[in-house]
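Chemist: give me the fold of what follows.
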Amino acid sequence: MARLSPEEIEALFTRTDGSYGFARWGRPIAPIVFGVQEETLAMVKGAVEAVVTLAGHQMAETDPELGSNLMVFFFREWDELLDVPDLGRMIPGLEPLVARLRNADATQYRAFRFDDQGGIQACFVFLRMNEAMAQIPAEGLVLAQAVQAILVWGDHAFSETSPLAVLPETGATVLRPEIAGVIAAGYDRMMPVAANDASHALRLFARLQGPEGS
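Modeler: Numbers count the residues shown, from 1 in each chain. A predicted model of the protein is given here:
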């Protein structure tokens with residue numbers, strides 16, 4: 001398996017302003033998907049379940065506070081979000097956010113909410129299915145979104161290198177093993193649910209050197 005250096009791990013959780021920020025879910029994940037047909041719904045939930053299992057985390061049918069805490073929206077135009085009931089209450093500043101994403105011609109966006117310990121409380125995933133996005137194989141698209149929702153990554157973590165790889169023998173899309181290792185290490189029960197110090201990356205690196213990372 002390819003090994004990431006401490007510096008490469010740190011870069012995965014470094015924000016645009018240079019600060020370090022890591023967070024994982026502090027509660028079981030209860031997903032819901034809007035705007036897709038039944039077969040895509042099953043694919044999204046299957047991808048989330050696969051990544052959650054890898055992390056050693058838990059799924060749930062419902063969240064006691066929110067009902068669902070991982071909400072995935074598929075749509076064609078950003079303005080459609082303004083018509084979603086109660087979304088503006090869950091995401092403050094929704095109107096200017098939609099305007100900014102529309103003007104940037106963005107195709108995806110994730111918004112997180114956090115609990116008192118800094119762990120992920122909820123995640124909202126928005127996917128604008130323009131022509132380019134529609135060309136991406138659904139299996140890879142939903143797996144990539146599950147990976148990016150399981151942790152709070154840095155702003156440019158996967159801007160140059162996808163977290164996924166295609167197996168040449170079968171053509172199947174899989175999670176790159178080094179990224180899978182980082183996710184599993186991040187959910188180690190001895191690790192904090194959130195961290196803002198780059199020394200956290202060294203602790204992740206140390207866990208990747210053990211039997212589970214080999």
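Chemist: quick check: mean pLDDT of the longest strand along the chain?
Modeler: Identified as the longest strand of the chain according to DSSP state E is strand 120-128. For strand 120-128, mean pLDDT rounds to 97.
Chemist: for it, what is the distance to the chain centroid?
Modeler: Relative to its chain's centre, strand 120-128 lies at 8 Å (CA atoms, centre = their mean, to the nearest Å).
Chemist: downstream neighbour of it in the secondary structure list?
Modeler: Remark: after strand 120-128, the chain's next helix or strand is helix 131-134, criterion DSSP states H and E.
Chemist: can I get that next one as CSV, trimmed to CA atoms?
Modeler: Provided in CSV are the C-alpha atoms of helix 131-134 (Å, rounded to 0.1, in the frame of the first residue of the first chain):
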residue,chain,number,x,y,z
GLU,A,131,-23.9,17.9,-18.2
ALA,A,132,-20.3,17.3,-17.0
MET,A,133,-21.4,15.9,-13.6
ALA,A,134,-23.9,13.6,-15.4
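Chemist: just after it, pick out the following helix or strand.
Modeler: helix 138-150.
Chemist: tell me the angle of that following helix relative to strand 120-128?
Modeler: Comparing the axes of helix 138-150 and strand 120-128 via axes from the mean of the first three to the mean of the last three CA atoms, to 10 degrees yields an angle of 150 degrees.
Chemist: helices and strands around helix 138-150, which ones?
Modeler: helix 38-55, strand 108-114, strand 120-128, strand 164-166, strand 173-175, helix 177-186 (3 or more CB pairs under 8 Å, 6 or more residues apart in numbering; DSSP states H and E). In short, each C-beta sits where N, CA and C put it, glycine included.
Chemist: surely Gly88 and Pro96 touch.
Modeler: No. Between Gly88 and Pro96 there is no contact under CB atoms under 8 Å: 11.0 Å.
Chemist: more crowded one of those two?
Modeler: Taking neighbours as other CB atoms under 10 Å, Gly88 and Pro96 compare with Gly88 leading, 15 against 9.
Chemist: quick one, phi/psi of the more buried one?
Modeler: Torsion angles at Gly88 (phi, psi; degrees, to the nearest 10) stand at phi -60, psi -30.
Chemist: contacting residues around it?
Modeler: Leu82, Leu94, Glu95 (CB atoms under 8 Å, 6 or more residues apart in numbering).
Chemist: distance to Tyr109 for these - can I get that in TSV?
Modeler: Listed next are the contacts of Gly88 as TSV, based on distance: CB to CB, whole Å:
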residue	distance to Tyr109
Leu82	14
Leu94	11
Glu95	14
